[in-house]
Structures are given as C-alpha cells and as structure tokens.
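K.L.:
Next comes the sequence, and after it the predicted model I'd like to discuss.
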Amino acid sequence: DACLKEEGENFEMAPNPDVFPFLFQTSVYVVFGIVAYFTESGQEFAPKSIQEFRWVILDTFAVLYVYGLFRFREGIANQVYGVESKKETNEEPLIPPANAAGKLRNAVRTAGNALEQLPLFLISMYMYAFVRPFLAGIFGAIEIVLYIAYPFVFGCDGKKASPLLHLSTIPRYMLNEYMMVASIMVLFQLV
C-alpha cells in the first residue's frame, strides 16, 4: 500500500497528504457560506442592465491585457536568456545568465499562474455580477492589482518562490471562492 511506510520491521500508516487540503477547502467554503448568508441576504440572481456590468467588462479587458503582458514577458525572457536560441542553434544567450534561471522562472510562473487562475476568476466574477455587479467589479479590480503584484513578490530565486508570494495568491483564491459561493447561495435562494 502506498500509504504505508517501513520503519524496521514495523509498518505504520503515514498521514494522507490529500486529507488536509480537502478539509481546509471544505472549511473555507463553509465559512464563506456563512458569511454570504448574512451579507447577501435579500439579493437576487438575475440579469442586470448592461450598464451595471461596465466595471466587470472593464475588469475583463484589464485582466486579459495583463495576461497578454505576462505571456509576452515570458516569451521575451525565453529569448533573452537563451532558451529559444539554444534549442535551435549553438548561439549564446543575448544576455549573460546572471541569475537567468531565477528571472526566467519568475516570468514562466507569472504567466503560468495567471493562466491557471484566469478561468476561475472570470467565471466567479461574472457569476457574482448577476448578484452584485458593482461589487463584482470592485473585487475584480482588487484581483487585478494582486495579479500585477505576483511577479514582484515571486522573487528571482531559481529554486524556490519567495515566502511573500502568498500575499498575491491567497487573497485571489479567497475572492474567487467567495464570489462563487455567494453566487450559488443566491442562485439557489439559500440566503
């Protein structure tokens, strides 16, 4: 069994690494459900006028623009630090690799994290816009600021990310999860 570890002759159960994230995630949804119960009371999940969606639409444009910049930055970093040139020829990188691995990892993970979070962000923001469009726009703007902070708090260490990285990621997870839970609770009239 993959969960058993050997210590001499005795076998004992190793902690299951899947249990903590499941329990933590479930407790986060329960807490957000309780918060939404009190904060979203009386709200309706209904189509709003297009004018009310203006901030959400502006946030959509802004986050796609920022994502495009991150992808462009990743491509430039690959080219500048010699990743592309070494694949095709024996050319040296355009810039000497002073901490190139860290800078390249920063660019790749920034674009990768943006791509990983983008679908959840857009879906949760648009769902919440059917509940509270202006607040969805505010949450979207906060999330975009946190997106932009990501490369600065990631750091340029080639081996590991900075401990400050959670200042960008955790609040985004919380905003997305709150908007999703609140939207579903209002949709199913649980508030």
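P.N.:
Now that the structure is in, tell me what you want to look at.

K.L.:
which helix in this protein runs the most residues?
P.N.:
The single longest helix within the chain, with elements called by DSSP state H, is helix 100-129.

K.L.:
And the closest residue in space to residue 107 that isn't next to it in sequence, how far from residue 159?
P.N.:
Of all residues not flanking residue 107 in the chain, residue 77 sits nearest, at 3.7 Å (C-beta to C-beta, 6 or more residues apart in numbering). No exception for glycine: its C-beta is placed from N, CA and C like everyone else's. Distance, residue 77 to residue 159, using C-beta to C-beta, to the nearest Å: 17 Å.

K.L.:
Of the two, which one has the most company?
P.N.:
Neighbours were counted for residue 77 and for residue 159 using other C-beta atoms under 10 Å; residue 77 has more, 20 against 7.

K.L.:
which non-adjacent residue is nearest the residue nearest the centre of the chain?
P.N.:
Central residue of the chain (C-alpha atoms, centre = their mean): residue 117, 3.6 Å from the mean position. Spatial nearest neighbour of residue 117, chain neighbours left out: residue 172 (6.1 Å); criterion: C-beta to C-beta, 6+ apart.

K.L.:
So in the protein, where's the weakest helix or strand by average pLDDT?
P.N.:
In the chain, the helix or strand scored least confidently by mean pLDDT, DSSP states H and E is strand 4-7, which has a mean of 50.

K.L.:
Residue 144: how many residues sit nearby?
P.N.:
Residue 144: 20 neighbours (other C-beta under 10 Å).
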